[in-house]
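Engineer: Fold the following and give me the result.
(chains A and B)
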There are 2 protein chains.
Amino acid sequence: MKQYQPVTEEVIQALRRIVGEKYVKTDAAVLDVYKSDESLAPSFWRAPEVVVLPANTQEVAAVMKVANAFAVPVTPRSAGTSVSCGAVPAYGGIVLLMERMNRILEVNEEGMYMVVEAGVRTIDIQNLARSKQLMYAGDPCSSDSCLIGGNLATNAGGNKAVRYGTTRHQVYAIEVVLPNGKIANLGAPLKKCSTGFCLDQLIIGSEGTLGIITKATLKLVPLSPYKLDVLAVFTDLAKATALVPQLVKAGLNPTSVEFMDNNFVRSASDYSELRLPHYEDGFYDIISIETFNETELDEKMEKLAAICEQCGATDIVEADDRVWKVRRNCLESTRVFSKVATSEDLVVPVTKIADCIQHLVEESKNYDFRVFCLAHAGDGNLHFQILQCDLSDDEWKRQVEAFRAVAYPYVYQLGGRLSGEHGIGLKRLEYMERYTDPVELDVMRTIKTALDPQWILNPGKVMGPQ
Amino acid sequence: MKQYQPVTEEVIQALRRIVGEKYVKTDAAVLDVYKSDESLAPSFWRAPEVVVLPANTQEVAAVMKVANAFAVPVTPRSAGTSVSCGAVPAYGGIVLLMERMNRILEVNEEGMYMVVEAGVRTIDIQNLARSKQLMYAGDPCSSDSCLIGGNLATNAGGNKAVRYGTTRHQVYAIEVVLPNGKIANLGAPLKKCSTGFCLDQLIIGSEGTLGIITKATLKLVPLSPYKLDVLAVFTDLAKATALVPQLVKAGLNPTSVEFMDNNFVRSASDYSELRLPHYEDGFYDIISIETFNETELDEKMEKLAAICEQCGATDIVEADDRVWKVRRNCLESTRVFSKVATSEDLVVPVTKIADCIQHLVEESKNYDFRVFCLAHAGDGNLHFQILQCDLSDDEWKRQVEAFRAVAYPYVYQLGGRLSGEHGIGLKRLEYMERYTDPVELDVMRTIKTALDPQWILNPGKVMGPQ
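Structural biologist: Sure, this is the predicted structure:
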């Protein structure tokens, strides 16, 4: 890593001149707030030396120029809902809080797009779109609290990715402050374009290492007025997961396909004080379908029921509020078993998710931790919740490492990757460097170094400098 | 531009050792074939010094290493159907013909993808997919003759872009030979991924300047069994174009929306010896709709008819073979008026296409050339066919330049760009540099220089080195 300099009084003065005294924070109590995210991984946490709250793009650009001049690292931060330590200032320095840049600048109903600053809450974007009979299809589970800038930086996934894709698919254009402090406008509100390099997609998902996204033009889509959620219950893991590609192939175009293993069915039912079908031995698929008219919905529902039956479902019922309550309580419900846990965000080709879940569940039996499995099955994204329970800290660490040393190469062999939606951040950097094709890593580092010679912007994330 | 060296006997020998004597061509007659593309813009043409036909990725990589060692530029070439001089060797050197790498390596029906080498014809991919009841949705008008590698390099658009997006949206992963001769595998057959930079999308559409795509994993989608094409006739340009956003907003999700102005209606009808409605004063919208069941098609057709009526259509009829014949003969039909013509590939936000067409048609009346207008209206992509007719060559050149000096800034002001689907190539490089945000150009050049310090790969395309 390049040599960084500490944040001196001279740097603080320069920052104050840019954003005003009120928006430069150096009290220990404030700095302590910004040492962590929601990862619950204290070993990665580190407090910044200063927190700066810019009001606009020009101030962000000016901060980057100061950071370069003084060789001080900058970590941009949205709402801090990351679980990969993407917003943790790995090398101290400046944390740049985007929350003041929270204006919705334009809603264009005819053009079906919205222009927002990076600090707007995702749910506010969703709600405003809905009030215009349109939809913003990005929908991370944290949408109540997360900010759109963080969604863009990590290419957040979420609840509608099967049908609508992830955050990067919802974007026409971005305004970006580059590591050198220049402001670039990348992309355009066009359905097609063959005019230059696709720089917008390069920046989106780069986890704040190539630029700070300050503004975005987001696509809106027509709101589907008809919707039905179905719970298909299986007593066999293979059958429950084999359903997924059949749904896609039939042209049903589901909005989401969520999977819960029997461990989660039990724990979340207990926690919710509800009894749903096959509590003892059920694996659940929850399928959401949206359409533009009632007949289409009826027809898709008939087709869906037929496919579920062919695949061996024992029960096919409407997924009402009780089902969603159980689904929502999954992670919370495991806390009674263990306060310490780690969560995996593996992603594999959709056709491989059945094999992958079965194989990793089988593998996990060789260890003393407990494993619960949830999946955004429709997009091949698997969240293993691994619980420490009564293992010692050392043993817990050793066994998780041993499991990963088997699981990760297996996932890569299936064509999968480390992270489907949470990002690499600081938490997975070591694994990223171990499992990524060296040529690909080399290209990433070459581009990073070309755009940010001092590695001043969010260093220690995604990959190190070699 | 960097200093390139001529192709010496030593270079020829090195190339022969890589691909075999038979696949290194130096006869003047062969070289002459590869000086041009389908742009009919002789002022940009230049013959290569040698043509090389690699059999596989390793040979492509070895050629790049030789090119670097000897400072000889390399221009990759697919079928040469480009109309932007993207495959013309601007600085001589090596033309790398990809046509021998023409194997379809895998069709995975369950995973709904196909793995192909870069030299496979697009139509062969489409046909093979269809034989499996699946669809490859990339569909440039030249699909009969073009190769997939060229489609990927230019992010080709075509006939299904409204519903399915352009070529970049049909890709899971690519294998790329980098300018330094290393082989990278970028992307993966995943529905979502937050593991590192989005390098696949950076390479796709970079017109062979950042890497040579040698293999691709292409998405396949379910084939819609029901389809209907409708011709909506308007006697008012504004009404004909105002239809487009209404179709999108209604959730009709058309596969394509094509527009023809009255000049084309007349000339293509005459050429085809057919009389369609409102020959004298008609503007045509042709709308294709595909569905998964008959009821859905019926319902969408009813809705479509209602919207067309509301928008002021005078006739709403099924677009049969006669309509498509007229549409297909558009460009050909203008040859009787002028042998020399130039075609624009402007793209604007879909909501602006009505204004844009009206404004530019009005502007064109200030010049002595003739203008015919076609548009992939559903994606905002406008093809102005500008005919020299009886203007002198000098006057023709002067007037086209004068028109562009008005038209291009206007299109950029609308949020549009120079090229929707043909690419910049050599033909539009000067305009690209003039109208692109300098910060964006600077990032493009920085990345190009970082990955290709000698600017050895397809130099003179998209942008120059500054």
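Engineer: Say whether chain B is contacted by stretch A:136-154.
Structural biologist: Yes: taking CB under 8 Å from any CB of the partner chain as the criterion, stretch A:136-154 and chain B are in contact, through A:Thr154. Using the backbone N, CA and C atoms, a C-beta is placed for each residue, glycine as well.
Engineer: Give the rounded mean pLDDT of that stretch.
Structural biologist: Mean per-residue pLDDT for stretch A:136-154: 94.
Engineer: Then stretch A:18-27?
Structural biologist: 98.
Engineer: Neighbours of A:Tyr34, how many?
Structural biologist: 22 (other CB atoms under 10 Å in any protein chain shown).
Engineer: next one: A:Ala14
Structural biologist: 19.
Engineer: distance of it from chain B?
Structural biologist: 23 Å (CB to the nearest CB, to the nearest Å).
Engineer: Not counting its neighbours along the chain, what's nearest that residue?
Structural biologist: Nearest residue to A:Ala14, sequence neighbours excluded (CB to CB, 6 or more residues apart in numbering or on different chains): A:Val66, at 4.7 Å.
Engineer: For the lengthiest helix in chain A, name the packing helices and strands.
Structural biologist: For chain A, the helix with the greatest residue count under DSSP state H is helix A:393-413. Under the contact definition 3 or more CB pairs under 8 Å, 6 or more residues apart in numbering or on different chains; DSSP states H and E, helix A:393-413 sits against strand A:346-347, helix A:353-364, helix A:429-435.
Engineer: Can you name the next helix or strand after the worst-scoring helix or strand of chain A on mean pLDDT?
Structural biologist: Every helix and strand of chain A was ranked by mean pLDDT, DSSP states H and E. The lowest is helix A:237-249, at a mean of 83. Downstream of helix A:237-249, the next assigned helix or strand under DSSP states H and E is strand A:256-260.
Engineer: quick one: is that next one near chain B?
Structural biologist: No: taking CB under 8 Å from any CB as the criterion, strand A:256-260 and chain B are apart, separated by no less than 10.5 Å.
Engineer: what does that strand rub up against?
Structural biologist: With contacts defined as CB atoms under 8 Å, 6 or more residues apart in numbering or on different chains, strand A:256-260 is touched by A:159-163, A:240-241, A:243-244, A:247, A:268, A:283-288, A:326-327, A:330, A:353, A:357, A:373-379.
Engineer: Next secondary structure after that strand?
Structural biologist: With DSSP H and E, the next secondary element past strand A:256-260 is helix A:262-272.
Engineer: list the buried ones in that following helix?
Structural biologist: Using 16 or more other CB atoms under 10 Å in any protein chain shown as the test for burial, helix A:262-272 gives A:Asn262, A:Asn263, A:Phe264, A:Val265, A:Arg266, A:Ser267, A:Ala268, A:Ser269, A:Tyr271, A:Ser272.
Engineer: which neighbours does the helix or strand just after it have in its sheet, and in what orientation?
Structural biologist: The C-terminal neighbour of helix A:262-272 among helices and strands, as given by DSSP H and E, is strand A:283-291. Here strand A:283-291 is paired, per DSSP bridges, with strand A:226-234 (antiparallel), strand A:256-260 (antiparallel).
Engineer: Pull the distance from strand A:283-291 to the chain's centre.
Structural biologist: On the basis of CA atoms, centre = their mean, to the nearest Å, strand A:283-291 sits 21 Å off its chain's mean C-alpha point.
Engineer: ok and the residue in the stretch 251-400 of chain A nearest chain B?
Structural biologist: A:Asp379 (3.6 Å; CB to the nearest CB).
Engineer: so that residue sits right up against A:Val350, yeah?
Structural biologist: Yes: with contact defined as CB atoms under 8 Å, A:Asp379 reaches A:Val350; the gap is 6.7 Å.
Engineer: so what sits against both of those two?
Structural biologist: Joint contacts of A:Asp379 and A:Val350 (CB under 8 Å, 6+ apart) are B:Lys191.
Engineer: rewinding a little: helix/strand/coil for the residue nearest to the residue of the stretch 251-400 of chain A closest to chain B when sequence neighbours are not counted?
Structural biologist: For A:Asp379, ignoring the flanking residues on the chain, the nearest one in space by CB to CB, 6+ apart is B:Lys191 at 3.6 Å. What DSSP: H, G, I helix; E, B strand; the rest coil gives for B:Lys191 is coil.
Engineer: Wait, B:Lys191 touches A:Gly378, no?
Structural biologist: Yes: applying CB under 8 Å, one finds B:Lys191 in contact with A:Gly378, separated by 7.4 Å.
Engineer: So between the two, which is more surrounded?
Structural biologist: Neighbours were counted for B:Lys191 and for A:Gly378 using other CB under 10 Å; A:Gly378 has more, 29 against 22.
Engineer: can you list the domains in chain A?
Structural biologist: Domain ranges of chain A: A:104-222, A:226-414, per the TED database.
Engineer: Out of the ones you listed, the one nearest B:Ala407 is which?
Structural biologist: domain A:104-222 (14.7 Å; CB to CB).
Engineer: and the end-to-end length of the closest one?
Structural biologist: End-to-end span of domain A:104-222 (CA to CA, to the nearest Å): 20 Å.
Engineer: Check stretch A:35-46 too.
Structural biologist: 5 Å.
Engineer: how much space between the closest residue to A:His359 other than its chain neighbours and A:Leu382?
Structural biologist: With sequence-adjacent residues excluded and distances taken as CB to CB, 6+ apart, A:His359 is closest to A:Tyr410, at 6.6 Å. Relative to A:Leu382, A:Tyr410 is positioned 12 Å away (CB to CB, to the nearest Å).
Engineer: I appreciate the help and will end here.
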